[in-house]
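In: turn this into a model:
(chains A and B)
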There are 2 protein chains.
Amino acid sequence: MPDVPARPRVVIIGGGFGGITAASALKRANVDITLIDRTNHFIFQPLLYQVATAELAPSDITAPIRWILRSQRNTEVLMAEAREIDPERRVVRVDDDLRELPYDYLIVAPGSRHSYFGHDEWEPYAPGLKAIEDASEIRRRFLLAYEIAEKSENPKEREEYLTFVIVGGGPTGVELSGAIPFIAKKALVAEFRRVDTRRTRVVLVEAGPRILPSFPEDLAQHAARDLADLGVEIRVNSFVTKVERDGVWVGGEKIRARTAFWAAGNKASPLGKFLGAPLDSAGRVKVSDDLSVPGHPEVFAIGDLTTFQQDGRLVPWVAPAANQQGAFVAKSIIRDTRRQPRKKFHYFNKGDLATIGRSRAIADFGRVRFAGRLAWFLWLFVHIMYLVGFRNRIVVFIEWAYAYFTYQAGVRLITDVERYKPPAQPPTVAGTTGR
Amino acid sequence: MPDVPARPRVVIIGGGFGGITAASALKRANVDITLIDRTNHFIFQPLLYQVATAELAPSDITAPIRWILRSQRNTEVLMAEAREIDPERRVVRVDDDLRELPYDYLIVAPGSRHSYFGHDEWEPYAPGLKAIEDASEIRRRFLLAYEIAEKSENPKEREEYLTFVIVGGGPTGVELSGAIPFIAKKALVAEFRRVDTRRTRVVLVEAGPRILPSFPEDLAQHAARDLADLGVEIRVNSFVTKVERDGVWVGGEKIRARTAFWAAGNKASPLGKFLGAPLDSAGRVKVSDDLSVPGHPEVFAIGDLTTFQQDGRLVPWVAPAANQQGAFVAKSIIRDTRRQPRKKFHYFNKGDLATIGRSRAIADFGRVRFAGRLAWFLWLFVHIMYLVGFRNRIVVFIEWAYAYFTYQAGVRLITDVERYKPPAQPPTVAGTTGR
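Out: Okay, the predicted model is just below:
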């Protein structure tokens, strides 16, 4: 137990699932909380892909962090970016002026960004999906591809604009791949005169031997069949070797496409470096049994920033795990204030869901697992239930009902077009085949 | 009647009220239509200020133009920017490559932008409100002002961030001024710990002798009283002489404020210059009785691009006028194809509505005019009714009901924060007092 005052100051970095749950669980504790986040909003990550595919509006899956915590009088929220942590002096430095926020307890929950495995030069051609701005960028490229194809006089170019490559066969990649064909073939088809949007081609590229590696093999196979039914081409055991403006190289083959999205890997926030603890190859902090940072019982790391072994398996980087970790570290702080010994964190897997296009999903509850329409209804119900705020629940429910009955995607808005400047092709590197 | 083929090609520039109505009215005509717009969406302008004040989402008041016109087999929509018009060769040139679109009839309905009356250097400090991106910019500044104030250690700076100056006392300026105090005092107050959002100061600056000059004087006075009740300071007969990063100069006085919005004037699209017709000082085309461009019976100009005298008064630049003009020019084209003589355009004023905050509005139907809650209900009803698409109607209805009962603003999302870089103060010009 660290040496802390009677009413400790708790600083929480990050207003995602872990940080918000930790703050909420400390509502009645004898502490003063400052939660900081770079943005003003919590994001319901599991539905972010629906913002990217124009099915939901950004405001449907977000809520202001200070609104969520408005009734906690012991909590203040600052929109600020944590730049540095000094665990010896117990301060967090924020923003450009590196203003110092002192803490007695620190909960570090900053999340992750996508990783290009040393090829950050691919990012302009294949954006990933973490923040609202990422979803807006993917939506812009997805919708603009059809607008540009409709204007193009060149059949080859037109075909390239109707081809989408999605890199990474985890839940995000599968959900993006499943959403695009449906929108292309149902929602858009009546509106274009020159291109046939039904000819949209979606290629899902996965480096491993199968998609959805976190799911049991039979469910993953079911999902792969569902994707194939939608016309998605799945390439497993396929490594991306280069991403260019007009295509993705998979081994020696170039899949010609003007639009690619990246869902292949994560790297933890750079804040992990300041904690003086061992990191894994993705920059994740190896935390102790009680999720504290080795040598610093007053500093906890949770969520995507951490790596934690339990029963020989890694705890997955999913929302329920972050929630459980947030609640656990809050309890540890409360136990500290009561001079009770801390416990060990234990992750309880409530089950896994993934959806594939319309009316299809897979559900994994250990021994009970199933796929199809029932799993899809369960998916709908769970996601509405866990959304934050009555407004968002009702609006998402209506968007989904509208989409279900009209086959439309309700948020087909392209803004900030001037930001869509496909960057010039970089010079061909010797030894590669170039374009 | 111009010399045109049996099935003429009609090009429409602009997918606002005028352009969309013209296209719709030509649905069954023996013509081929190409509608071009820089964006992919129609904007329901009368509610744009609610996007700016975080009450509605951008997708609630927009609809894809090609979705609106999807069932018109004689119509194609191209997302392209009209750059030049050559009325002699009858072509429109679009996009960077100046690709040529030939026409037999041209309907020019590109709308307007805001005008700083020769002081474009004020724009970075006082954005206007025309496009979705403008509304997002205003929303970003409005919400960020409170976030920055909450972080500030400087009481003077904090006060400047809680002060909003709105330049222009027309409907947009009045509606912005009326919305801000309510959100500040009701929705935000519980969420901030260091600033008291009830101390928000809103100053509405109008150059003329009264606000809402297009309304009868008694109704405008009523609106001014409603604004004053909300705490808005109204300055009439007040000319803005300078806009700076940290304040607005009104005559010799500087109103210290970190956020200012511009609703003071419009200038027409620069496309008017290509039509060879006389322009007024705001760049508007003086059109003939049938809304055609003098000397070019095959070219029509409508909406904000035009100036048109009727019974000694100018037709206002409002949505109903643009709609009537769009429908009228469509009918003129149909009459041409039937070898019938054209008619003269006549604007029918259906009445005017404006809302002031929550539960208050004014309604002007010529001899019948009233203010208060009934006018507000009428305003709600009319705006829901005229929205495009069932989805938008139902979502806006829910957003409004939610806001009414919870006193919340539902879309308090700040994105693209890196775009909020208050520009450095320009060097003081000799002869002014500077900052």
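In: just checking, A:Pro102 touches A:Val94?
Out: No: at 11.7 Å, A:Pro102 does not count as touching A:Val94 under the criterion of Cβ atoms under 8 Å. C-betas here are computed from N, CA, C, even on glycine.
In: give me the more crowded residue out of these two.
Out: Set side by side, A:Pro102 and A:Val94 show more neighbours around A:Val94, with 23 against 13, by other Cβ atoms under 10 Å in any protein chain shown.
In: chain center to whatever helix or strand A:Ala401 lives in: distance?
Out: In the assignment (DSSP states H and E), A:Ala401 maps to helix A:390-406. Between the centre of helix A:390-406 and the centre of its chain there are 22 Å (Cα atoms, centre = their mean, to the nearest Å).
In: in it, which residues are buried?
Out: A:Arg391, A:Asn392, A:Arg393, A:Ile394, A:Val395, A:Val396, A:Ile398, A:Glu399, A:Trp400, A:Tyr402, A:Ala403 (16 or more other Cβ atoms under 10 Å in any protein chain shown).
In: over to stretch A:338-349?
Out: By 16+ other Cβ under 10 Å, the buried positions in stretch A:338-349 come out as A:Arg342, A:Phe345, A:Tyr347, A:Asn349.
In: ok, now stretch A:318-332?
Out: Using 16+ other Cβ under 10 Å as the test for burial, stretch A:318-332 gives A:318-332.
In: which of those fall within helices?
Out: Among those, the members falling in helices (DSSP state H) are A:319-332.
In: spell out which parts of the stretch 1-150 of chain A neighbour chain B.
Out: By the rule Cβ under 8 Å from any Cβ of the partner chain, the part of the stretch 1-150 of chain A lying against chain B is A:38-41, A:57-60, A:62, A:64, A:66-67, A:70-71, A:76-80, A:95, A:132-133, A:136, A:143-144, A:147, A:150.
In: 6 Å instead, please
Out: Residues of the stretch 1-150 of chain A lying close to chain B by Cβ under 6 Å from any Cβ of the partner chain are A:40-41, A:57-59, A:62, A:64, A:66-67, A:70, A:76, A:78-79, A:132-133, A:147.
In: show me where pLDDT drops low in chain A?
Out: A:420-435 (pLDDT under 70).
In: helices of that one, residue ranges please.
Out: In chain A, the helices defined using DSSP H lie at A:17-25, A:48-52, A:65-68, A:132-151, A:155-161, A:171-182, A:217-229, A:319-337, A:373-386, A:390-406.
In: any chance of CSV for those helices, columns distance to B:Asn266?
Out: Listed next are those as CSV, based on distance: least, Cβ to Cβ, whole Å:
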stretch, distance to B:Asn266
helix A:17-25, 44
helix A:48-52, 33
helix A:65-68, 36
helix A:132-151, 28
helix A:155-161, 36
helix A:171-182, 40
helix A:217-229, 50
helix A:319-337, 47
helix A:373-386, 43
helix A:390-406, 33
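In: out of these, which is closest to A:Gly247?
Out: helix A:155-161 (7.4 Å; Cβ to Cβ).
In: now, which of the buried residues of stretch A:338-349 sits nearest chain B?
Out: Proximity of these to chain B (Cβ to the nearest Cβ) peaks at A:Arg342, which lies at 29.6 Å.
In: okay, and the beta partners of A:Ile362?
Out: In this structure, A:Ile362 bridges to A:Ala354, A:Ala371 when assessed by DSSP bridges.
In: my guess is it meets A:Ala223, correct?
Out: Yes: counting by Cβ atoms under 6 Å, A:Ile362 does reach A:Ala223; the two are 5.3 Å apart.
In: got the domain boundaries for chain A?
Out: Domain assignment for chain A, taken from automatic domain parsing, gives A:9-38+A:80-114+A:266-337, A:120-264+A:358-419.
In: please compute how far the first one lies from its chain's middle.
Out: Domain A:9-38+A:80-114+A:266-337 has its average C-alpha position 18 Å from the chain's average C-alpha position, going by Cα atoms, centre = their mean.
In: over to stretch A:56-66?
Out: Here the centre of stretch A:56-66 is set off from its chain's centre by 14 Å, with Cα atoms, centre = their mean.
In: buried stuff in it?
Out: Within stretch A:56-66, the residues that count as buried by 16+ other Cβ under 10 Å are A:Leu56, A:Ala57, A:Pro58, A:Ser59, A:Asp60, A:Ile61, A:Thr62, A:Ala63, A:Pro64, A:Ile65, A:Arg66.
In: give me the contact list for that stretch.
Out: Outside stretch A:56-66, the residues that touch it by Cβ atoms under 6 Å, 6 or more residues apart in numbering or on different chains are A:15, A:37, A:40-44, A:47, A:50-51, A:77, A:132, A:388-389, A:392, A:395-396, A:399, A:411, B:57, B:59, B:191, B:411-413.
In: chain B contacts on the stretch 151-300 of chain A?
Out: A:Lys151, A:Ala190, A:Glu191, A:Arg193.
In: now those: which count as buried?
Out: Here, 16+ other Cβ under 10 Å leaves A:Lys151, A:Glu191 buried among these.
In: if we can go back for a sec, distance to B:Ala22 for the domains of chain A - can I get that in JSON lines?
Out: What follows is the domains of chain A, written out as JSON lines (distance: least, Cβ to Cβ, whole Å):
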{"stretch": "domain A:9-38+A:80-114+A:266-337", "distance to B:Ala22": "45"}
{"stretch": "domain A:120-264+A:358-419", "distance to B:Ala22": "18"}
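In: of those, which is nearest B:Glu175?
Out: Using Cβ to Cβ, the domains of chain A put domain A:120-264+A:358-419 closest to B:Glu175, at 21.6 Å.
In: span of that closest one from start to end?
Out: The first and last residues of domain A:120-264+A:358-419 sit 19 Å apart, counting by Cα to Cα, to the nearest Å.
In: and it, how far from the chain's centre?
Out: Put simply, domain A:120-264+A:358-419 sits 14 Å off its chain's centre (Cα atoms, centre = their mean).
In: how close does A:Asp280 sit to A:His114?
Out: Distance from A:Asp280 to A:His114, counting by Cβ to Cβ, to the nearest Å: 16 Å.
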